[in-house]
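> no sequence on this one, just coordinates:
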């Protein structure tokens, strides 16, 4: 019966109707023709892949593979069957990559390599090498990624066409850079790796120019701009301008081929690569924290969300919100960071994406810890660690170790904190990435320095020196050297070596300025350390100036926290802030600087509805989002915006958002 139904369906529809592929596979599988069942299962899988229905695609591909596997493993199997088997494995491996199931990817790649050897097929070997290198990059295995990328370049020279030669060279560059091309955010890598990546990307670009391939020209120009920027010194404005010119070239290429998503990625890359301090010179603090950089990123990410398929919107929304969460925390806009982080976590849950959920939980743990809410920080860290142990996706366990260690530290579980932070350093050393080693070393040093015993001080001092030495050779806004210098200054003060403490604290301040480090917590901690060192040295005037700087930063951040309980915890439950307030009170500074939340300006000439629209604009919402939220038309939203711009005398959404922050509307 099943065979008859299958033959009837195929006679009626053939391969013209994709909706019948799964039914044909089912009936042929229950009938007599397993070959046709495998064929239609494969077609159903490819159709599901086109629709981004990845779970369905994986199921269909697995069904087809199960049918062919027995035949493919027989010694006398014909070449056509082996080719079909390889193609199905390759299709499933690509699907598993979308699902984040890295261990299953590795198994399929091993099977693909075996089939390629049986076929003695260089083209198949090239596919295996390219995909293995990609997976190794994602897993952080630098040695394996370089090995497989080198093999891919060799095989592309033997069996690849021009597109494959470009792709293989780009894969080699990715292995050196430590991440896949297309990511616009900051690139942290040791200098040697960045130099090698820049060389390989330029070699790939040369091939792309020979092929006159606009797509590759766009992607590679963008990556060269990202890498070159990471290699530049903060004060070398000409080099930074040259790096940005590559990004503008990429933008032109994306526009020429009408690739809207590529264009948005290039714009995001440009937004990341702007001098923060110069961009906000003379801008009020509230605008610095959110409007200048963050609102631009949020707007671009929101626009990107409207370009992806409906099924991917939860993940895109989660990533957009997570991006804002991270940067708000960095610049000290903590209440917004919490709100965006919670929203991102909710969207990640809807997307059923364990990787995004993992990073949302980790980000929230860091934010809660910086706000002095230790118990909540530990809860989020433990939830993130649980995902590592239960998810099939390969997640960075070292990040969970860091979040757990720091959260255990602030709740007072020092034994557990030390265990996690030492495991973090061991993992970083095993992976061999200097950036990770520097971060883990500085983190453990900071922990040990607080214990204040001789053995801990000696180890902390050595670790701090190692973090500083590693960070000196790195490019960009690397903060771990600053943490190392703060640890050394703390230990010098305990030992009574005041001149060395002053020197270390001053070096930390210089590092902050030269590297344009904008982490708000360091902008509080560094001047406070200089105050302590100057006080010990008897330099009262200089000490008082540094104390004022630190108090101003603390007060500024606290004034942006509107929730009374949240603001109280930030000021009273963070050890650094308590010590700072005690010193400021003793110096008669705190009563003058006692922060209060920014009050709503009752003189703002906006109606209630206009204020609602302005709040949504400040959150990065598009006109369509605002219309959906307020149940009004987009035309009505546009009319409200016209009235708002006229009333508050501004010309852009960014200026309007800045106005909202200044006047306490958000």
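Yep, it's here. The model shown is predicted, which means the values in this text are computed figures rather than measured ones.
> Can you name the element that comes right after the helix or strand containing residue 324?
Assigned by DSSP states H and E, residue 324 falls within helix 313-330. Per DSSP H and E, the first helix or strand lying C-terminal to helix 313-330 is helix 334-351.
> Can you check what angle separates the very next helix or strand once past that following helix from helix 334-351?
Heading C-terminal from helix 334-351, the first helix or strand you meet, by DSSP H and E, is helix 354-370. Helix 354-370 runs at 160 degrees relative to helix 334-351, counting by axes from the mean of the first three to the mean of the last three CA atoms, to 10 degrees.
> The helix or strand that helix 354-370 is followed by - contacts with which helices or strands?
Next in sequence after helix 354-370, counting helices and strands by DSSP H and E, comes helix 374-390. On a contact count with 3 or more CB pairs under 8 Å, 6 or more residues apart in numbering; DSSP states H and E, helix 374-390 meets helix 354-370, helix 397-411. For the C-beta atoms, the positions are set from N, CA and C on the backbone; glycine is no exception.
> Give me the contact list for helix 374-390.
Helix 374-390 has contacts (CB atoms under 8 Å, 6 or more residues apart in numbering) with 354, 357-358, 361-362, 364-366, 368-369, 395, 397, 399-400, 403-404, 406-408, 410-412, 573.
> just stretch 348-363 next, same as before
Counting by CB under 8 Å, 6+ apart, 100, 314-315, 318-319, 322, 325-326, 329, 341, 344-345, 380-381, 383-384, 387-388, 391, 393, 395, 399-400, 403 sit against stretch 348-363.
> swap in stretch 430-442?
In contact with stretch 430-442 (CB under 8 Å, 6+ apart) are residues 140-143, 178, 188-190, 398, 402, 421, 424-425, 427-429, 463-464, 466-467, 470-471, 473-474, 478, 480-481, 483-484, 487.
> now those residues: which count as buried?
140-142, 178, 188-190, 398, 402, 421, 424-425, 427-428, 463-464, 466-467, 470-471, 474, 478, 480-481, 483-484, 487 (16 or more other CB atoms under 10 Å).
> What segments of the stretch 101-250 of the chain are helices?
102-119, 122-139, 142-159, 162-177, 191-211, 214-231, 237-256 (DSSP state H, counting those that start in this stretch).
> Format these as a markdown table; extra columns: mean pLDDT.
Output for those, formatted as a markdown table (pLDDT from 0 to 100):
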| stretch | mean pLDDT |
| --- | --- |
| helix 102-119 | 90 |
| helix 122-139 | 90 |
| helix 142-159 | 90 |
| helix 162-177 | 92 |
| helix 191-211 | 92 |
| helix 214-231 | 92 |
| helix 237-256 | 87 |
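> now those helices in a markdown table, with distance to residue 88?
Listed next are the helices of the stretch 101-250 of the chain as a markdown table, based on distance: least, CB to CB, whole Å:
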| stretch | distance to residue 88 |
| --- | --- |
| helix 102-119 | 10 |
| helix 122-139 | 13 |
| helix 142-159 | 21 |
| helix 162-177 | 21 |
| helix 191-211 | 30 |
| helix 214-231 | 27 |
| helix 237-256 | 34 |
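> right, and these - which one's nearest residue 267?
helix 237-256 (6.9 Å; CB to CB).
> So which residues make contact with that closest one?
Contacts of helix 237-256 with the rest of the structure, by CB under 8 Å, 6+ apart, involve 214-215, 217-219, 221-222, 224-226, 228-229, 231-233, 262-263, 265-267, 269-270, 273, 275.
> so the next helix or strand after that helix versus helix 214-231, what angle?
Per DSSP H and E, the first helix or strand lying C-terminal to helix 237-256 is helix 260-272. Interaxial angle, helix 260-272 versus helix 214-231 (the same axes, to 10 degrees): 10 degrees.
> Counting by contacts, list what the helix holding residue 324 packs against.
helix 296-305, helix 334-351, helix 354-370.
> and residue 258, how many neighbours does it have?
Using other CB atoms under 10 Å, residue 258 has 8 neighbouring residues.
> what's near enough to touch it?
Residue 258 neighbours (CB under 8 Å, 6+ apart): none.
> if I look at it, how far off is residue 218?
Distance check for residue 258 against residue 218: by CB to CB, to the nearest Å, it reads 11 Å.
> ditto for residue 482
On the measure of CB to CB, residue 482 and residue 218 end up 36 Å apart.
> before we move on, what about residue 370?
From residue 370 to residue 218 the distance is 38 Å (CB to CB).
> Pick out whichever of those two has more residues nearby.
Taking other CB under 10 Å, residue 370 and residue 218 do not tie; residue 218 has more neighbours (25 against 20).
> if you skip the residues just before and after it, what's nearest to the more buried one?
residue 253 (3.5 Å; CB to CB, 6 or more residues apart in numbering).
> ok, the residue nearest to residue 156 when sequence neighbours are not counted - contacts?
Nearest residue to residue 156, sequence neighbours excluded (CB to CB, 6+ apart): residue 168, at 3.8 Å. Residues in contact with residue 168 (CB under 8 Å, 6+ apart) are 126, 129, 130, 149, 152, 153, 155, 156, 160.
> could you dump those to JSON lines with distance to residue 64 and neighbour count?
Converted to JSON lines, the contacts of residue 168 look like this (distance: CB to CB, whole Å; neighbours: other CB atoms under 10 Å):
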{"residue": "126", "distance to residue 64": "23", "neighbour count": "25"}
{"residue": "129", "distance to residue 64": "24", "neighbour count": "25"}
{"residue": "130", "distance to residue 64": "23", "neighbour count": "22"}
{"residue": "149", "distance to residue 64": "30", "neighbour count": "27"}
{"residue": "152", "distance to residue 64": "27", "neighbour count": "30"}
{"residue": "153", "distance to residue 64": "32", "neighbour count": "24"}
{"residue": "155", "distance to residue 64": "26", "neighbour count": "23"}
{"residue": "156", "distance to residue 64": "28", "neighbour count": "26"}
{"residue": "160", "distance to residue 64": "27", "neighbour count": "21"}
